[in-house]
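Q: Mind looking at a prediction? Sequence and model below.
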Amino acid sequence: MKAVSVVTIRKELKHKTSEELAELCLRLSRFKKENKELLTYLLFEADSEAGYIETVKAEIDEQFEIINTDSFFYIKKSVRKILRNTKKYIRYSLNKETEVELLLYFCKKLKTMKPSISRNTTLINLYDRNIEAITKKILALHEDLQYDYTMALEDM
């Protein structure tokens, strides 16, 4: 079966009643964990972006605490997983400020991690790529926010 375009889906959804839409959403949430997470964000956390950011930061903290630091192989694997999850949460929000805030927090946690990432080239490169991405994202923000986030970036 081939999926139809988003435009076609949007047109078809306009012809559905609110009860049918609710049923479609519930059915969609049964299939993938990400669908359920997105619905959770949209229904419960989209109103309070600051609360959402704090929740994600707490999860990042938890994930950094359970990293297996026996070897850099396990550290790299865990850090990539944390970054993947962070970017998934950023996609749910679609807010540029949230994206910059969460990536800055991830980089700060990565920088202060023990053992130091300075002993591993892959982790240094991952850190540098994220710093470059943050710098590009900051340029798309409002001037006041640009200044605040640039200062936070320079502190790192």
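A: Yes, it's here.
Q: gap between the worst-scoring helix or strand of the chain on mean pLDDT and the chain center?
A: Ranked by mean pLDDT, DSSP states H and E, the weakest helix or strand in the chain is helix 143-155, scoring a mean of 86. Using Cα atoms, centre = their mean, to the nearest Å, the mean C-alpha position of helix 143-155 is found 20 Å from that of the whole chain.
Q: Give me the buried positions along it.
A: 149, 152-153 (16 or more other Cβ atoms under 10 Å). C-beta here means a position set from N, CA and C on the backbone, and glycine is covered the same way.
Q: Stretch 100-109 too?
A: 100-107, 109.
Q: Columns pLDDT on top of the residues you listed, output as CSV?
A: Output for the buried residues of stretch 100-109, formatted as CSV (pLDDT from 0 to 100):
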residue, pLDDT
Val100, 93
Glu101, 94
Leu102, 95
Leu103, 95
Leu104, 94
Tyr105, 95
Phe106, 95
Cys107, 94
Lys109, 94
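Q: Tell me which of those fall in helices.
A: Using DSSP state H, 100-107, 109 are the members of those that sit in helices.
Q: which two in these are spaced the farthest apart?
A: By the measure Cβ to Cβ, Val100 and Lys109 form the most distant pair in those, at 15.1 Å.
Q: Run through the helices of the chain in chain order.
A: 6-13, 18-29, 33-40, 49-65, 72-93, 96-111, 121-138, 143-155.
Q: which of the ones you listed sits most buried?
A: Counting by mean count of other Cβ atoms under 10 Å, helix 96-111 has the highest mean neighbour count of those, with a mean of 20.
Q: Tell me if I'm right that Gly51 and Phe44 touch.
A: No - counting by Cβ atoms under 8 Å, Gly51 stays clear of Phe44, with 9.5 Å between them.
Q: which neighbours do these two share?
A: Residues touching both Gly51 and Phe44 (Cβ atoms under 8 Å, 6 or more residues apart in numbering): there are none.
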